[in-house]
Every structure is written in structure tokens, then in C-alpha cells.
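Participant: test case, fold it:
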Amino acid sequence: MADITPNLLARDARFGPLARLSERLGDIDPGGLLVYLVDEVKPDLLPLLAEQFHIDGDEGWRLTQTERQRRDLIKQSIELHRHKGTPWALREVFRILGVTVELEEWWQRRPPAAPYTFELTAWANDNLLPGQALLSPELYRRLRRMVELAKPARSTYRFKLGARFNGRLGLASAAQARALIRRRAEAAPMRLASQQPLTLSSAAQIYGVVHLSMEALL
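Facilitator: Have a look, this model is predicted:
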């Protein structure tokens, strides 16, 4: 890096040390200093930013799978906190995680439901917890905790978790659904939402898996 000390000062013996220090500025990596350039900051600094902006833990960080998701969550953190308790905040944090949601507030139902209630259905298109089933009690617990942190404090809600497949879905003609009762959660068959026609095959040839939804009423 060129010497940035003005020539007038560089010729003055009193400013010689300053001139020599300016020559060393080119050896400094600014990446560790410009931490608020979220798209450029080093990946190992992202958890520190998540803690600073209070989006670590169950506020979304634990369910991020990619570096891109982590950076997007940090960049949106201020807006998420600013609009906390609104439908936008609920939808946005799920969007960053790649989870599609359907939100219906009490006044949108016919007839209207109890005031300050809402129903939220989350469609897990990807496995958010590697090493576990696509739909698991742990995923349900974490997503519900995230809803608790983002929803209006006065609201109660019904939460459903399901799986949605965008491609062609094959379903065996012979299937058996079993109800699984858990504390404060109930697993029950949910209609699979597919954007493509549903193909039925014989019982001996299974092309898809029927996943169960988990539902809780708080």
C-alpha cells in the first residue's frame, strides 16, 4: 500500500513514525473489522452477530441449515424485532428457513373464531434436522417455540406441521395410519398438499411415504 502520509508531514522528522505506521495499513485484513457487512463477514463470526442481534437459539438460528440462511436471518433481525408480534414477522422467519406457512387469523374465518386466536400450518419441504425424520417431535417443538417468540403475546393458536411435496407424488393404495398421542401434542393424518396430480400405485410398489402431522391447541 502506498504511503498515505502527506508529503509535508513525511519530510518532518517528528512525523516519521506516523509515516512508517501508514505503510503497514496495507497488511491489515479489514474482514475482522467490517463485521456489519453481513454478506462479507467471515463465517466464524456469524454466531457472534446472531447473539448480538438476539436471533440465536430458538428464534430461528438453530434451524438454519446453510450459511446463506444464517446471513439472511442476521440481515433481517432488526426488522423481525421491529415487527415482532405481527403476521409478517411470523411468515418472514419461516420464509428464511425455507418453510412455507399458511396463517389464518380469527377474523378471517367464517364464522369468526374466538378473538385473538389464529391457526398456523407449517409445511416442511426440507429436512431441517439432519439425522432425524422429516417430521419429528423435536422439529415440532422447535418450530412451536419459534412461533411463541414471534407471535403477539395475547394470542393463542393452533399449530400444525406437515410435509408438502412440489414434484410428482406416488402413494401406495394400501396404507395404514396410526394415531400417536404425546404430551401436549397429537399426531394425526393430514391431507398431503401436492401441486401435481396424485398417482396411486399397487400395494406392492410404493412411490411415496405418508407423513403424519402434529397438532397442538394452546
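Participant: only C-alpha atoms for contact and neighbour calcs from this point on.
Facilitator: Fine.
Participant: any idea which helix is longest in the protein?
Facilitator: Ranked by residue count, the top helix of the chain under DSSP state H comes out as helix 137-150.
Participant: quick one: buried residues of that one?
Facilitator: For helix 137-150, a neighbour-count test (16 or more other Cα atoms under 10 Å) marks 137, 139-140, 142-144, 146-150 as buried.
Participant: now do stretch 34-44
Facilitator: So for stretch 34-44, counting by 16+ other Cα under 10 Å, buried means 35, 38, 41.
Participant: alpha carbons of that stretch, as PDB, please.
Facilitator: What follows is stretch 34-44, C-alpha atoms only, in PDB (Å, rounded to 0.1, in the frame of the first residue of the first chain):
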ATOM      1  CA  LEU A  34     -16.200  -4.700   9.000                       C
ATOM      2  CA  VAL A  35     -18.400  -7.200  10.700                       C
ATOM      3  CA  TYR A  36     -21.600  -5.400   9.800                       C
ATOM      4  CA  LEU A  37     -21.100  -6.100   6.100                       C
ATOM      5  CA  VAL A  38     -23.000  -9.300   6.700                       C
ATOM      6  CA  ASP A  39     -22.500 -10.700   3.200                       C
ATOM      7  CA  GLU A  40     -18.800 -10.300   3.500                       C
ATOM      8  CA  VAL A  41     -18.100 -11.200   7.200                       C
ATOM      9  CA  LYS A  42     -16.200 -14.400   7.900                       C
ATOM     10  CA  PRO A  43     -18.400 -17.400   8.600                       C
ATOM     11  CA  ASP A  44     -16.900 -18.000  12.100                       C
END
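Participant: since that was my last question, I'll sign off now.
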